[in-house]
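J.: Sequence isn't available, so here's the structure alone:
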């Protein structure tokens with residue numbers, strides 16, 4: 001075992017730009033994602049971050065950096081996030097290239113991934129109360145609306161679509177707010193031609209995605225509807241464990257989602273909104289995130305109280321606190 005001084009020196013050398021790597025959060029074929037510490041030799045006053053604060057550092061793999069398509073999408077994600085300033089979307093910090101490694105630094109959100117919240121609720125056999133689901137959805141839609149309404153330098157709407165709103169792309173932070181944290185290569189302009197490949201996550205595709213039809217911002221509305229259905233029922237609308245890829249794609253294309261469970265205690269107005277969001281065609285749904293937000297927001301009677309209770313969900317339920325307060329759950 002090396003002496004402690006050598007070990008700390010080696011750890012200190014694991015840097016990317018002005019950031020010291022702390023630990024790896026996740027890894028994919030195209031990028032590695034780290035928690036890192038902002039430790040500059042000389043502070044950049046233009047950055048909205050102080051020395052000693054943590055960030056999420058996305059580092060493009062070498063093989064991905066040599067792929068023009070992947071590297072362009074990686075750069076575009078950073079450029080678009082730099083244009084967005086909204087409390088329900090992870091904040092862009094900076095980006096750069098160090099030693100040939102391409103990276104982007106984003107705000108580090110303390111909280112729990114919504115996919116983890118859902119998994120633990122299944123294990124505990126509890127569900128979020130409908131009013132808390134509405135509050136969480138309103139947060140998501142407010143953030144999505146901000147992205148969808150982005151304009152270019154001429155004031156023209158870009159017409160962005162997230163395309164991959166899933167429980168894994170959402171964090172429930174310790175203030176009880178839903179935060180969109182993953183925009184990796186999924187933002188799309190309405191001006192672009194449809195691709196020949198299906199982009200999105202199995203189990204969370206809108207019918208037009210599965211059919212490779214022209215997309216609209218109604219895709220994001222549909223996916224928020226799926227997240228709401230999941231949190232309200234404790235079940236996935238499109239179970240992915242028991243279906244082949246082809247069968248799941250056909251189910252998405254034909255909107256053959258799971259029905260509402262019998263005897264479910266959910267207000268009829270919330271059910272009706274979710275059903276509207278899950279319309280088979282974009283024409284059946286609210287046109288975009290702003291339109292859906294206007295409907296959902298009316299059902300949130302006390303946003304501050306809802307955020308307080310959702311904060312307890314992130315803090316106590318997921319961390320399996322035996323004293324978690326029962327009134328939070330249905």
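T.: Now that the structure is in, tell me what you want to look at. Note that the structure is a prediction, hence the values are computed from the model and not measured. Numbers count the residues shown, from 1 in each chain.

J.: Now do the helices in the stretch 151-300 of the chain.
T.: For the stretch 151-300 of the chain, the helices defined by DSSP state H, counting those that start in this stretch occupy 207-210, 218-233, 245-253, 268-277, 289-296.

J.: Quick one: closest of those helices to residue 103.
T.: Closest approach to residue 103 among the helices of the stretch 151-300 of the chain is made by helix 218-233 (27.2 Å; C-beta to C-beta). C-betas here are computed from N, CA, C, even on glycine.

J.: quick check: angle from the strand or helix carrying residue 122 to helix 218-233?
T.: Using DSSP states H and E, residue 122 sits within helix 114-124. Computed with axes from the mean of the first three to the mean of the last three C-alpha atoms, to 10 degrees, the direction of helix 114-124 lies at 20 degrees from that of helix 218-233.

J.: Show the average pLDDT along helix 114-124.
T.: Averaging pLDDT along helix 114-124 yields 89.

J.: How about stretch 140-158?
T.: According to the model, stretch 140-158 has a mean pLDDT of 91.

J.: buried ones in it?
T.: By 16 or more other C-beta atoms under 10 Å, the buried positions in stretch 140-158 come out as 140, 141, 142, 143, 144, 145, 146, 147, 148, 149, 158.

J.: Can you give me the end-to-end span of it?
T.: End-to-end distance for stretch 140-158, by C-alpha to C-alpha, to the nearest Å: 19 Å.

J.: again, but for stretch 43-53
T.: End residues of stretch 43-53 are separated by 12 Å (C-alpha to C-alpha).

J.: before we move on, back to that, how far does the helix holding residue 122 sit from its chain's centre?
T.: 16 Å (C-alpha atoms, centre = their mean, to the nearest Å).

J.: how big is the angle separating the following helix or strand past that helix from helix 268-277?
T.: Sequence-wise, the next helix or strand downstream of helix 114-124 (DSSP H and E) is helix 130-148. Using the same axes, to 10 degrees, the direction of helix 130-148 lies 30 degrees away from that of helix 268-277.

J.: leaving aside the residues next to it on the chain, what's closest to the residue nearest the centre of the chain?
T.: Centre of the chain computed as the mean C-alpha position; nearest residue by C-alpha atoms, centre = their mean is residue 169, 2.3 Å away. Spatial nearest neighbour of residue 169, excluding adjacent residues (C-beta to C-beta, 6 or more residues apart in numbering): residue 182 at 3.9 Å.

J.: if I pick the residue nearest to the centre of the chain, what's in contact with it?
T.: Shown in contact with residue 169 (C-beta atoms under 8 Å, 6 or more residues apart in numbering): 162, 180, 181, 182, 183.

J.: Could you pull up the mean pLDDT of stretch 93-108?
T.: Computed over stretch 93-108, the average pLDDT equals 93.

J.: distance between it and the chain's centre?
T.: 20 Å.

J.: Same check on stretch 26-39?
T.: 16 Å.

J.: So for the closest residue to residue 205 other than its chain neighbours, what's the pLDDT?
T.: Nearest-residue entry for residue 205: residue 252, 4.3 Å, with adjacent residues in sequence omitted and distances by C-beta to C-beta, 6+ apart. Note on residue 252: pLDDT of 94.

J.: Domain ranges for the protein, per the record?
T.: The chain breaks down by automatic domain parsing into domains covering 15-107, 111-328.

J.: Tell me which of the ones you listed sits most buried.
T.: For those, the largest average neighbour count (mean count of other C-beta atoms under 10 Å) is found in domain 111-328, namely a mean of 18.

J.: pLDDT weak spots in the stretch 201-330 of the chain?
T.: Residues of the stretch 201-330 of the chain that meet the criterion pLDDT under 70 lie in 242-243, 317-330.

J.: who does residue 113 bridge with?
T.: Beta bridges link residue 113 to residue 171 when assigned by DSSP bridges.

J.: nope, residue 60 is what I meant
T.: residue 31.

J.: So what does the residue nearest to residue 169 look like in phi/psi?
T.: Residue 182 adopts backbone torsions of phi -130, psi 110, taken as degrees, to the nearest 10.

J.: Could you verify my assumption that it touches residue 167?
T.: No - checked against C-beta atoms under 8 Å, the pair residue 182 and residue 167 is beyond contact range at 10.8 Å.

J.: Quick one: mean pLDDT for whichever strand or helix holds residue 33?
T.: For residue 33, the element it lies in under DSSP H and E is strand 31-38. For strand 31-38, the mean pLDDT works out to 93.

J.: next one: stretch 135-149 to chain centre, how far?
T.: 11 Å.

J.: can you pull the contacts of residue 93?
T.: By C-beta under 8 Å, 6+ apart, the neighbours of residue 93 are 47, 48, 49, 55, 105, 106, 107.

J.: Could you list which of the contacts of residue 169 belong to strands?
T.: Judged by DSSP state E, the subset of the contacts of residue 169 located in strands is residue 180.
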